[in-house]
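>>> please work out how this folds:
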Amino acid sequence: MTQVAQRQATLAAINTELSSRNLKTLRKLGDSSRGEIEVVGLKAFYEHSARFFTDVKFDVLFPGGKSGEFTVRFNANGSVSDGAVIVSVVNGRFAIVKQWRLPLSQWTYEVPRGFGEQVDKAQINGVLGTISIADLPLGTVTRELGEEVMKDATIQSITHLGNIAENSGTSNIAPSYFLVQITVDEKLLEGKISGSEDSMKVYFWDAATVQTELGQKIVDNHSITGLALARRHIELLPRI
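Residues are numbered from 1 along each chain as shown. Predicted structure coming up:
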């Protein structure tokens, strides 16, 4: 077997194992002779939190040819979707979700994020674009903003901002980022603001407030990345 054929067989075998666990496959093995970390085999799967993620330890060759190991985190069901981060502009204001984050032991202020769900009862007037069905963000928006807000809402536009690596040093995870423009009855928004539970409260901030709170109240990389990407497109949104 030629070296090229052997590498192809190794990549296929690794991807078969990843696919059997519904994890995203590798695009290439890498080449240590070209300064890349080269995957040469699978060593172990760590599935203690498989509902959320799986850690995979690979046997590798580092640049220069030294053997070693490298562990990569994969999202659960990553072969279908790595989830969606949604910058939601509701009646011209940004939806910001306050929630308790156990890993940080603090309250955070974030744009909505989650995994793709059904998109029933959504009226789409704008251009949807080319995106994976599993990444569609409307189910996540409905969960975060509430069915009472979204049931009569109009989706003016959905802009796919790209798929951005969550942590390129440790993870094979790249969520889809979206900018979603929504119009809804202001009374419903007022009810949402006043009626939100303490465990997850939704605020609607203008652009100036969002800008002021970047790096202050807004400190997670998903939100900061999403808002930065949205700024490139916000002026192109349909006018209401």
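>>> alpha carbons only for contacts and neighbour counts from here, please
Will do.
>>> show me what residue 157 bridges to in the sheet.
Per DSSP bridges, the residues bridged to residue 157 are residue 181.
>>> so it makes contact with residue 178?
No - when contacts are counted by CA atoms under 8 Å, residue 157 is not listed as touching residue 178 (10.1 Å).
>>> enumerate every residue touching the residue positioned nearest the centre of the chain.
With distances taken as CA atoms, centre = their mean, the residue of the chain nearest its centroid is residue 175 (2.7 Å). Contact partners of residue 175, counting by CA atoms under 8 Å, 6 or more residues apart in numbering, are 81, 82, 83, 84, 85, 163, 164, 165, 166.
>>> state the next helix or strand along the chain beyond the helix or strand of the chain with the lowest mean pLDDT.
When each helix and strand of the chain is scored by mean pLDDT, DSSP states H and E, helix 186-195 comes last, with a mean of 64. Per DSSP states H and E, the first helix or strand lying C-terminal to helix 186-195 is strand 200-205.
>>> other SSEs contacting the host helix or strand of residue 56?
Element membership for residue 56 (DSSP H and E) is strand 53-61. Secondary-structure packing of strand 53-61 (3 or more CA pairs under 8 Å, 6 or more residues apart in numbering; DSSP states H and E): strand 38-46, strand 67-75.
>>> mean confidence (pLDDT) on that strand, please.
Averaging pLDDT along strand 53-61 gives 97.
>>> ok, it: who's next to it in the sheet?
In the sheet, strand 53-61 lines up against strand 38-46 (antiparallel), strand 67-75 (antiparallel) (DSSP bridges).
>>> including mean pLDDT, distance to residue 152 and mean neighbour count, could those strands go into a markdown table?
Listed next are the strands paired with strand 53-61 as a markdown table, based on pLDDT from 0 to 100; distance: least, CA to CA, whole Å; neighbours: other CA atoms under 10 Å:
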| stretch | mean pLDDT | distance to residue 152 | mean neighbour count |
| --- | --- | --- | --- |
| strand 38-46 | 97 | 44 | 18 |
| strand 67-75 | 97 | 33 | 18 |
